[in-house]
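K.L.:
Fold the following and give me the result.
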Amino acid sequence: MTKTSMGNNDSTVEDLQTCESHQWYRKFMTECPSGLLSFYEFKKFFGLRNLSESSNAYVKAMFTTFDLNDDGFIDFMEYVAALSLVLKGAVKQKLRWYFKVYDIDGSGCIDRKELHLIFKSIDAINGIHDDIKTQEFTNMVFDKIDINGDGELSYEEFMEGVQDDEMLLNMLTQSLDISHIVQKIQGEMMATN
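P.N.:
Residues are numbered from 1 along each chain as shown. Model prediction:
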């Protein structure tokens, strides 16, 4: 699976300022003095401990989408690009990222099982364990945007279907919103200053 840029990397200086660069950089270098964040360090950095197998798979998929150069690590610039996307990204950029996270096997399509696994994992990370609700949400998404009814969502079906349905867009955006984790880290940084 080839990766495309998550955002405009030309605005790195602006992104650094947006993310309170000195605090983020200090936090980043404290957590990983090598300057490279491994998957293990990534989970530790965001306080994601004792994850179930499915939640771990979701976090791994997220990590992989942030690892823009596919070297198995997230460096500071990749980290800033990821934070910038999460905090400031446009809807289309976020949807593109969501699609990459949902497409666990990298096939270019999302099937029901992948989508259900992601929703279940997000709920688990947020301390919610309601598999019936998760399955209903998965079915609703497919019923609304699987236009050709083949049981898979292509990139085009996903992008167009979600953008054309404001309720679905809001639900997906809220379900994948990790800004509360980012804000928690910002709060920890402010407390240590």
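K.L.:
Give the buried residues for the helix or strand containing residue 55.
P.N.:
Assigned by DSSP states H and E, residue 55 falls within helix 53-66. The neighbour-count check on helix 53-66 (16 or more other C-beta atoms under 10 Å) flags 54, 55, 56, 57, 58, 59, 61, 62, 63, 64, 65, 66 as buried. To be clear about C-beta, it is placed using only N, CA and C from the backbone, and glycine gets the same treatment.
K.L.:
pLDDT and distance to residue 107 for those - can I get that in TSV?
P.N.:
Shown next, in TSV, are the buried residues of helix 53-66 (pLDDT from 0 to 100; distance: C-beta to C-beta, whole Å):
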residue	pLDDT	distance to residue 107
54	71	18
55	74	21
56	79	20
57	77	15
58	75	17
59	80	20
61	79	13
62	80	18
63	85	19
64	85	14
65	82	15
66	84	20
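K.L.:
Among those, which one lies nearest to residue 132?
P.N.:
Nearest to residue 132 out of these is residue 54 (C-beta to C-beta; 15.9 Å).
K.L.:
Give me the contact list for the helix holding residue 55.
P.N.:
Outside helix 53-66, the residues that touch it by C-beta atoms under 8 Å, 6 or more residues apart in numbering are 3, 6, 39, 42-43, 48, 51, 74, 78-79, 81-82, 97, 100-102, 104, 117-118, 120-122, 124-125.
K.L.:
Buried only: go through these for me.
P.N.:
Buried, going by 16+ other C-beta under 10 Å: 6, 39, 42-43, 48, 51, 74, 78-79, 81-82, 97, 100-102, 104, 117-118, 120-122, 124-125, out of the contacts of helix 53-66.
K.L.:
Dump the helix or strand hosting residue 24 to PDB, keeping only the CA atoms.
P.N.:
Using DSSP H and E, residue 24 maps to helix 21-31. Extracted C-alpha coordinates of helix 21-31, given in PDB (Å, rounded to 0.1, in the frame of the first residue of the first chain):
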ATOM      1  CA  SER A  21       6.400  23.500  19.300                       C
ATOM      2  CA  HIS A  22       8.700  23.900  22.200                       C
ATOM      3  CA  GLN A  23       6.300  22.100  24.600                       C
ATOM      4  CA  TRP A  24       5.500  19.300  22.100                       C
ATOM      5  CA  TYR A  25       9.100  18.900  21.200                       C
ATOM      6  CA  ARG A  26      10.100  18.700  24.900                       C
ATOM      7  CA  LYS A  27       7.400  16.100  25.500                       C
ATOM      8  CA  PHE A  28       8.400  14.200  22.400                       C
ATOM      9  CA  MET A  29      12.100  14.200  23.200                       C
ATOM     10  CA  THR A  30      11.400  13.300  26.900                       C
ATOM     11  CA  GLU A  31       9.300  10.300  25.800                       C
END
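K.L.:
Point out the other helices and strands that that helix packs with.
P.N.:
In terms of contacts (3 or more C-beta pairs under 8 Å, 6 or more residues apart in numbering; DSSP states H and E), helix 21-31 is packed against helix 39-45, helix 76-88, helix 179-192.
K.L.:
Now do that helix: distance to the chain's middle.
P.N.:
20 Å (C-alpha atoms, centre = their mean, to the nearest Å).
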